[in-house]
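In: Here's my sequence, what's the structure:
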Amino acid sequence: MDVIRSVLLRPAYAGIAFGVAVVVFTFSIWLPNWRLILTVIPSSIISLPDKVILFWNLYGSIQTNFTLVSASYTIAIAILFGINIVLFIHHIKIRQGPLSGSTSALGVGGLISGFFGVGCAACGTFILTALLGLVGGAGLITLLPLGGEEFGILGVALLGYAMYSIIKKIKEPLVCDTIWPSNNK
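Out: The predicted structure follows:
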């Protein structure tokens, strides 16, 4: 927690984390309404202020279209992904090099898994239902105890573990043990 606190106390990092979280949250909220958005954007009948009001009001769908579980992990995924991004940037800045592929993949995997779980209370998981419907497996979601929300929970877990891995890498000493052994034999 000390690493997260020290990174987020820097205004630039806090701004990046907040911006990324807002983008991820917005994408999660607007994704189930993509047809409406694609209809409204090019429309010349709807004024620009009305379009802005409509897009703003779509944020209210977190209360009406999402279950408590899906709303919780949607918010958690947005926040965790924002924090992961700034921890990743901080690591690159202090180490002058990227993280290992596995740590980066965990964060991306957590985000993707979380988006598989995005959906509303009425239609269930939006992306997963569509993908499984292409191969005739949409009914498989009904066999899961939470109806596909497991993917959102898995996303939170993967992002949490990715964050733990990045923090561990940040705390590692800058000197390699193979070059400078800590024990004198």
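In: C-alpha only now, for contacts and for neighbours.
Out: Noted.
In: So which helix or strand of the protein has the lowest pLDDT on average?
Out: Here the helix or strand of the chain ranked lowest by mean pLDDT, DSSP states H and E is strand 124-125, holding a mean of 44.
In: now the helices for this protein?
Out: 2-8, 11-30, 34-40, 48-57, 61-64, 68-95, 101-116, 126-134, 150-171 (DSSP state H).
In: Against which helices or strands is the first one packed?
Out: Packed against helix 2-8 by the contact rule (3 or more CA pairs under 8 Å, 6 or more residues apart in numbering; DSSP states H and E) you find helix 11-30, helix 68-95.
In: Next, format those as CSV and append mean pLDDT and distance to residue 5.
Out: Converted to CSV, those look like this (pLDDT from 0 to 100; distance: least, CA to CA, whole Å):
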stretch, mean pLDDT, distance to residue 5
helix 11-30, 92, 10
helix 68-95, 85, 10
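In: Please work out which of those helices is packed deepest.
Out: helix 68-95 (a mean of 20; mean count of other CA atoms under 10 Å).
In: For residue 3, see how far away residue 64 is.
Out: Going from residue 64 to residue 3 by CA to CA, to the nearest Å gives 36 Å.
In: one step back: if it's not too much trouble, I'd like the helices and strands packed on helix 2-8 exported to a markdown table so that distance to residue 171 sit alongside each entry.
Out: Shown next, in a markdown table, are the helices and strands packed on helix 2-8 (distance: least, CA to CA, whole Å):
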| stretch | distance to residue 171 |
| --- | --- |
| helix 11-30 | 18 |
| helix 68-95 | 10 |
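In: closest one to residue 154 among those?
Out: Ranking those by distance to residue 154, with CA to CA as the measure, places helix 68-95 first at 9.4 Å.
In: could you give the angle of that closest one to helix 11-30?
Out: Relative orientation of helix 68-95 and helix 11-30, computed by axes from the mean of the first three to the mean of the last three CA atoms, to 10 degrees: 150 degrees.
In: now the angle from helix 68-95 to helix 150-171?
Out: Orientation check (the same axes, to 10 degrees): helix 68-95 against helix 150-171 gives 20 degrees.
In: Tell me which other helices or strands helix 68-95 touches.
Out: helix 2-8, helix 11-30, helix 101-116, helix 150-171.
In: if you set the cut-off to 7 Å instead, what comes out?
Out: Contact partners of helix 68-95 among helices and strands, from 3 or more CA pairs under 7 Å, 6 or more residues apart in numbering; DSSP states H and E: helix 11-30, helix 150-171.
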